[in-house]
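**Q** quick check, what structure comes out for this input:
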Amino acid sequence: QVQLVESGGGLVQPGGSLRLSCAASGGTFSSYAMGWFRQAPGKEREFVAAISWRGGTIYYADSVKGRFTISRDNAKNTVALQMNSLKPDDTAVYYCAARSRVVDTTPSEYNYWGQGTQVTVSS
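**A** Residues are numbered from 1 along each chain as shown. Here you go, the predicted structure:
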């Protein structure tokens, strides 16, 4: 069983940056593919970025490609999401998730979820 805790959310102006972090415990972190997802009010949870267990395979949603960067540190059991050039449309609760198989972009394929961290992009 893996426990995930996100941090780093907050209020930022359009064009600004935030770095989200997700700390994992209770499992073999290096064996899990990790993903970031987000959910805005009234909308379904959507894929943002994902990284394979070794970091060799990375996927991004088209809406964040070129602005967001996912990375992981298996020695520290953490995965991060660096978000640059933020837009109001990026406002959502951001979730970290883990799955014990190959990396995937579908939320329902992930077994473990954090509690989420709010990101608000507004002037």
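**Q** grab the most central residue of the chain for me.
**A** Trp36 (2.3 Å; C-alpha atoms, centre = their mean).
**Q** what sits against it?
**A** 20, 22, 48-50, 70, 79, 81, 94-97 (C-beta atoms under 8 Å, 6 or more residues apart in numbering). No exception for glycine: its C-beta is placed from N, CA and C like everyone else's.
**Q** same thing but 7 Å
**A** Counting by C-beta atoms under 7 Å, 6 or more residues apart in numbering, Trp36 touches 48-49, 70, 81, 94, 96.
**Q** got a PyMOL select line for the buried ones in those residues?
**A** Selection of buried members from the contacts of Trp36 for PyMOL, criterion 16 or more other C-beta atoms under 10 Å:
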select buried, resi 48+49+70+81+94+96
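**Q** would you reformat the contacts of Trp36 as JSON lines and include secondary structure?
**A** JSON lines is the format used below for the contacts of Trp36 (DSSP: H, G, I helix; E, B strand; the rest coil):
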{"residue": "Val48", "secondary structure": "strand"}
{"residue": "Ala49", "secondary structure": "strand"}
{"residue": "Ile70", "secondary structure": "strand"}
{"residue": "Leu81", "secondary structure": "strand"}
{"residue": "Tyr94", "secondary structure": "strand"}
{"residue": "Cys96", "secondary structure": "strand"}
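**Q** which two of the contacts of Trp36 have the greatest separation?
**A** Using C-beta to C-beta, the two most remote members of those are Ile70 and Tyr94, lying 11.6 Å apart.
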